[in-house]
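S.K.: The sequence and its predicted three-dimensional model are supplied below.
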Amino acid sequence: MSAPDRGAPAAYHRARPLLVTSAVLTSWGGEVSDEQVFDLRQLVTQASRNDPGAWEALYRRSYPGLFAYARRRLTSDDVADDAVSETMIRALDRMDTFTWQGAGFEAWLTGILRNVVLEAFRGNRPQGRLAGMAEPSRRGPLDHVIDDEEQVEVRAAFERLEPQEQELLELRVVQGLSAEGVGEVLGRSQGSVRMAQSRALGRLRTFYEERTDAG
């Protein structure tokens with residue numbers, strides 16, 4: 001389980017604004033199906049037995065979400081890609097420690113990635129492109145400009161949320177993690193995550209309505 005990080009650098013929390021849509025304004029109930037869980041369990045079991053095909057399938061399955069999370073916080077596509085690669089290397093080395101007693105494989109991977117990104121900000125990696133991260137200045141894959149006025153207003157409202165609220169909604173909605181999974185990544189209880197999510201969505205709706213009413 002990833003330990004909570006109370007001392008995350010300010011630049012880490014000043015990640016690029018997330019591209020959000022009006023769907024975020026509704027309560028998030030996206031949970032994976034039993035069939036998806038079964039397929040993932042099979043892949044993880046095979047990968048733990050050093051099956052290269054299974055490991056490649058896990059990598060392809062996990063890469064988009066992990067890259068999007070890293071890219072919002074790091075300075076370039078290459079650096080974000082390095083972070084994901086480092087995450088998968090660490091995961092491969094630790095496969096024998098993973099169990100299904102926690103929130104699941106994807107939450108486990110996200111927790112590893114979050115630590116990799118935090119280490120990059122703190123300069124704990126003296127070698128390679130991950131060392132000495134500056135505050136992001138370029139837009140990531142989730143930050144394409146969109147012409148729809150409603151989406152622009154939702155995004156502006158999202159930027160008014162507290163950094164911790166933004167990260168929670170990103171993990172829940174964009175990464176698609178369960179409340180338990182978000183709790184494992186952030187070091188919070190499942191109930192605490194659900195309460196914080198409800199509060200964040202309520203604030204997001206309020207900020208959105210303030211903007212649309214003013215317009």
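M.R.: Thanks, I have it. Quantities reported herein were computed from a predicted structural model and do not represent experimental measurements.
S.K.: Please state the mean pLDDT value computed over stretch 46-64.
M.R.: With pLDDT averaged residue by residue, stretch 46-64 scores 88.
S.K.: Any chance you could list what contacts it?
M.R.: If you take C-beta atoms under 8 Å, 6 or more residues apart in numbering as the criterion, stretch 46-64 is touched by 40, 42-45, 84, 88, 92, 95-96, 98, 105-106, 109. Placement of C-beta: from N, CA and C, glycine included.
S.K.: in this protein, what spans have low per-residue confidence?
M.R.: Along the chain, the model assigns pLDDT under 70 to residues 1-38, 101-103, 123-150, 215.
S.K.: on that earlier part again, out of the contacts of stretch 46-64, which comes closest to Ser198?
M.R.: For the contacts of stretch 46-64, the residue nearest Ser198 by C-beta to C-beta is Glu106; the value is 22.4 Å.
S.K.: For Asp213, see how far away the closest one is.
M.R.: From Glu106 across to Asp213, the span is 38 Å (C-beta to C-beta, to the nearest Å).
S.K.: Looking at these two, which one has more neighbours?
M.R.: Glu106 (21 against 7; other C-beta atoms under 10 Å).
S.K.: give me the element the more buried one is part of.
M.R.: helix 105-122 (DSSP states H and E).
S.K.: If you count residues, where's the longest helix of this structure?
M.R.: helix 190-214 (DSSP state H).
S.K.: Sketch out the helices for the protein, chain order is fine.
M.R.: Using DSSP H, helices in the chain cover 10-13, 34-48, 52-71, 77-93, 105-122, 149-159, 163-169, 179-186, 190-214.
S.K.: Can you show me the CA trace of the fifth one as CSV?
M.R.: Same thing as helix 105-122. What follows is helix 105-122, C-alpha atoms only, in CSV (Å, rounded to 0.1, in the frame of the first residue of the first chain):
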residue,chain,number,x,y,z
PHE,A,105,-3.3,-4.3,-9.6
GLU,A,106,-3.9,-0.9,-11.2
ALA,A,107,-4.1,0.9,-7.9
TRP,A,108,-0.8,-0.9,-6.9
LEU,A,109,0.8,0.3,-10.2
THR,A,110,-0.5,3.9,-9.7
GLY,A,111,0.9,4.0,-6.2
ILE,A,112,4.4,3.0,-7.5
LEU,A,113,4.1,5.7,-10.3
ARG,A,114,3.1,8.3,-7.8
ASN,A,115,6.3,7.6,-5.8
VAL,A,116,8.4,7.7,-8.9
VAL,A,117,7.0,11.1,-9.8
LEU,A,118,7.5,12.4,-6.3
GLU,A,119,11.1,11.2,-6.3
ALA,A,120,11.6,13.1,-9.6
PHE,A,121,10.4,16.3,-8.1
ARG,A,122,12.6,15.9,-5.0
